[in-house]
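S.K.: got a structure for you, letters missing:
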């Protein structure tokens, strides 16, 4: 009885949506007509005044930007000639604070890169501490990473000691370890193992940082460490780092790397990320390769491919999906619905009316 009631509700939902299409269309037409009438009824003189005001505001902005640029070029940066005493933390904080407020991200990043080149090994802690006192580590994450990476290149142990004592999240230590692993992988791995306090099947978050650093420099070593990690968010992050690195390799190299993974879930997730890129060339071929790895890989891959395939060849994409088993089809349906016209989505869902596997697709619709 409950199943019959759910089927009736889904049917009612689709019928209501069909009835509302006309009202939605009329509403859209009315709002469009009103907007056109308001624009048409505006007097020529009003348009001229608006245009003049816009031009004046634009000129004012250009003048203000020019003045700010001129003022900035005259202000001494922390780079180059030093105009403050490094031991004075207030001045350090003020100067770093000024750099973080630069609105242009390229200019800001360039200024931070120049700044770290001027710091002596003993000044990195003050620089990082000053940056953290501004409470902008989330808003200026790239600049924070620049400071941590530069400190790691000078003294990774001191950087990790500071991060351990002063930070609660793994970001700082993972960033430092990634930098250290590029230079001295064995030392970074040793620190990661010695300082892991978890038990049982808990993932080692410090190995996640090491893997990020090794992904581009030693893929085999990074893969071996990845296989040590249990199923977790951290393992997903480590996999993401490797997949980014594999993006610079040939498709065959990336496929072969995925094939040698022993863990089925890990392999399926890696395959779905790779297939999303391969699908840009040939969606059907990409999904055929995913299917060769097993149903789990295909189930994860299909939703990531269907969007691009629908845009390229809608009839082929729908035909392929209708030939799949119910689990693959229902898993992909919510993503499919978002890229169909209303009429097309209604007609497609009507084919599976009463099947609770498609409830999420109905909700998406």
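M.R.: Alright, I've got the coordinates. In this text the structure is predicted, and so the values were computed from the model without any measurement.
S.K.: Can you pull up the most central residue in this protein?
M.R.: residue 240 (10.3 Å; C-alpha atoms, centre = their mean).
S.K.: dump the residue contacts of that residue.
M.R.: Contacts for residue 240 were tallied using C-beta atoms under 8 Å, 6 or more residues apart in numbering; they are residue 273. C-beta here means a position set from N, CA and C on the backbone, and glycine is covered the same way.
S.K.: tell me the contacts of residue 146?
M.R.: Residue 146 neighbours (C-beta under 8 Å, 6+ apart): 109, 112-113, 116.
S.K.: quick one: which helix or strand includes the residue nearest to the centre of the chain?
M.R.: helix 233-246 (DSSP states H and E).
S.K.: Closest one of the contacts of residue 146 to residue 171?
M.R.: residue 112 (16.9 Å; C-beta to C-beta).
S.K.: Just the buried residues of the helix or strand where that closest one lies, please?
M.R.: Assigning secondary structure by DSSP H and E places residue 112 in helix 105-118. With burial defined by 16 or more other C-beta atoms under 10 Å, the residues of helix 105-118 counted as buried are 108-109, 111-112, 115-116.
S.K.: again, but for stretch 215-224
M.R.: Buried, per 16+ other C-beta under 10 Å, within stretch 215-224: 215, 219, 221-223.
S.K.: next one: stretch 352-364
M.R.: Here stretch 352-364 shows 352, 355, 358, 361-362 as buried, counting by 16+ other C-beta under 10 Å.
S.K.: and the end-to-end length of it?
M.R.: 15 Å (C-alpha to C-alpha, to the nearest Å).
S.K.: distance between it and the chain's centre?
M.R.: Chain-centre distance of stretch 352-364: 29 Å, with C-alpha atoms, centre = their mean, to the nearest Å.
S.K.: Same check on stretch 114-132?
M.R.: 28 Å.
S.K.: pLDDT of it, averaged?
M.R.: Stretch 114-132 comes out with an average pLDDT of 88.
S.K.: what about it, start to end distance?
M.R.: For stretch 114-132, the end-to-end distance is 19 Å (C-alpha to C-alpha).
S.K.: Name the residues of the helix holding residue 240 that come out as buried.
M.R.: Applying 16+ other C-beta under 10 Å to helix 233-246 flags 234-235, 237-243, 245-246 as buried.
S.K.: Just put those residues in CSV and tack on distance to residue 323 and pLDDT.
M.R.: What follows is those, written out as CSV (distance: C-beta to C-beta, whole Å; pLDDT from 0 to 100):
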residue, distance to residue 323, pLDDT
234, 37, 92
235, 33, 93
237, 35, 95
238, 35, 95
239, 30, 95
240, 32, 95
241, 36, 95
242, 33, 95
243, 29, 94
245, 35, 93
246, 30, 92
